[in-house]
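need a structure here:
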Amino acid sequence: MKNEKHIPKVLKVVSRYTLFFLVVAFPITCCLILFIRIMSGNMGLTLTSENISTAAKLTFVNVVALSILFAVIDVIRRKITVDRPVRRITKATEQMMQGDFTVRIEPFKEITATEGFNEIIRCINQMAEELSGVETLRTDFVDNVSHEMKTPLAVMQNFGTLLQTPGLTEEKRLEYAKGVTDGARRMANMMTNMLKLNRLENQQIYPKAMKYDLSEQLCECLLQYEDVWERRNIEIDTDLADGVTVTADQELLTLVWNNLLSNAFKFTEDGGKVTLTLKTTEHHAIVTVEDTGCGMSPEVGAHIFDKFYQGDTSHATEGNGLGLALVKRVIDIMQGEIGVDSTPGQGTRFSVIIRRN
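Numbers count the residues shown, from 1 in each chain. Alright, predicted model coming up:
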């Protein structure tokens with residue numbers, strides 16, 4: 001078996017030497033023939049068979065020696081400029097195939113490798129860096145999804161167990177059943193938002209721009225929370241410019257306003273205030289949603305658009321950290337801007353700027 005493995009290498013060495021032999025033999029033979037003809041013609045020399053035989057033998061020896069020399073030089077050159085880069089690149093890619101995306105390949109100096117290998121190394125290093133980021137995101141995504149699903153599942157399990165208690169009153173039975181329903185609804189909302197966000201990030205949802213009345217849309221979205229502000233005695237302050245039309249995807253922007261308003265009411269204490277305003281410039285519409293809730297620190301504000309990030313680490317308020325990630329992605333698709341200004345204990349203001357046409 002070992003001999004069989006060495007056969008291809010031997011054949012490669014022989015073929016390489018043969019190539020150099022033919023390359024060297026042809027020009028040397030032509031030059032020698034030309035030299036002999038010129039010398040015999042100009043100097044009137046008579047060449048004997050003995051002289052020609054001696055010259056041919058010397059020429060053959062020179063050709064063989066030069067071929068061997070060139071073959072050795074080529075082997076050394078390949079070892080340095082080809083085999084070393086290939087081994088280093090192969091080793092790194094094998095590590096990446098095994099899941100190690102921290103590997104990086106050191107570029108070669110120009111004196112020992114061609115620019116082509118360094119360009120390949122640069123691309124592989126960039127690919128490894130991007131794969132490392134994707135792997136981190138994937139791990140974080142799995143961890144976050146598992147964590148977010150664990151809470152409603154535990155709640156549903158507990159209420160389901162309580163529902164099996166003998167002799168439950170009708171009031172308790174309804175209370176426990178509502179707990180199961182709320183947990184199921186929370187999981188369903190999370191899955192829905194995950195699917196929407198995935199489709200948005202993979203460009204599977206394409207905006208369908210149409211001209212419509214933004215003022216009317218904001219009013220409709222706000223009225224959906226009428227029972228919330230009445231039940232919790234939250235003051236509503238609106239300042240909406242009339243007849244503001246925009247050319248955008250109405251369904252996607254409805255998602256934005258609903259998420260911002262939902263957050264405003266969720267984090268505003270009873271008796272607080274939520275403000276919705278719409279102003280315009282020559283080319284843009286500016287929507288602000290402001291509340292007098294708990295606010296957030298600059299550290300929290302820097303991450304609120306990240307997937308699954310929640311400033312309320314206790315999960316005392318319902319949510320899964322996907323709403324604002326959806327909002328940010330929609331605004332980016334609309335080529336708009338969104339900003340946040342918040343002070344702990346005083347409230348939060350979101351500002352959205354979108355083009356009118």
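
lowest-pLDDT helix or strand in the protein?
Across the helices and strands of the chain, the lowest-confidence element by mean pLDDT, DSSP states H and E is helix 2-43, at a mean of 68.

After that helix, which helix or strand is next? Please name it.
helix 49-78 (DSSP states H and E).

The next helix or strand after that following helix - contacts with which helices or strands?
Later in the chain than helix 49-78, the nearest helix or strand by DSSP H and E is helix 84-97. Counting contacts by 3 or more Cβ pairs under 8 Å, 6 or more residues apart in numbering; DSSP states H and E, helix 84-97 is packed against helix 115-163. No exception for glycine: its C-beta is placed from N, CA and C like everyone else's.

low-scoring pLDDT stretches of the stretch 1-150 of the chain, where are they?
Counting by pLDDT under 70, the stretch 1-150 of the chain contains low-confidence ranges at 1-9, 13, 20, 32, 35-36, 38-48, 51-52, 110-115, 133-149.

now do 50
Along the stretch 1-150 of the chain, the model assigns pLDDT under 50 to residues 1-2.

Using the three-state scheme, assign Lys279.
strand (DSSP: H, G, I helix; E, B strand; the rest coil).

That one: what's it in contact with?
The contact partners of Lys279, by Cβ atoms under 8 Å, 6 or more residues apart in numbering, come to Asp239, Ala241, Ala285, Ile286.

Isn't the third one up against Ala248?
Put plainly, it is Ala285. No: with contact defined as Cβ atoms under 8 Å, Ala285 does not reach Ala248; the gap is 9.1 Å.

which residues do these two both contact?
Counting by Cβ under 8 Å, 6+ apart, the shared contacts of Ala285 and Ala248 are Ile354, Arg355.

And these two? Which one has more around it.
Using other Cβ atoms under 10 Å as the criterion, Ala285 and Ala248 rank with Ala248 on top: 27 against 22.

Who are the contact partners of the more buried one?
Pro207, Ala209, Met210, Tyr212, Met334, Ile354, Arg355.

The same query, at a cut-off of 6 Å, please.
Neighbour list for Ala248: Ala209, Met334 [criterion: Cβ atoms under 6 Å, 6 or more residues apart in numbering].
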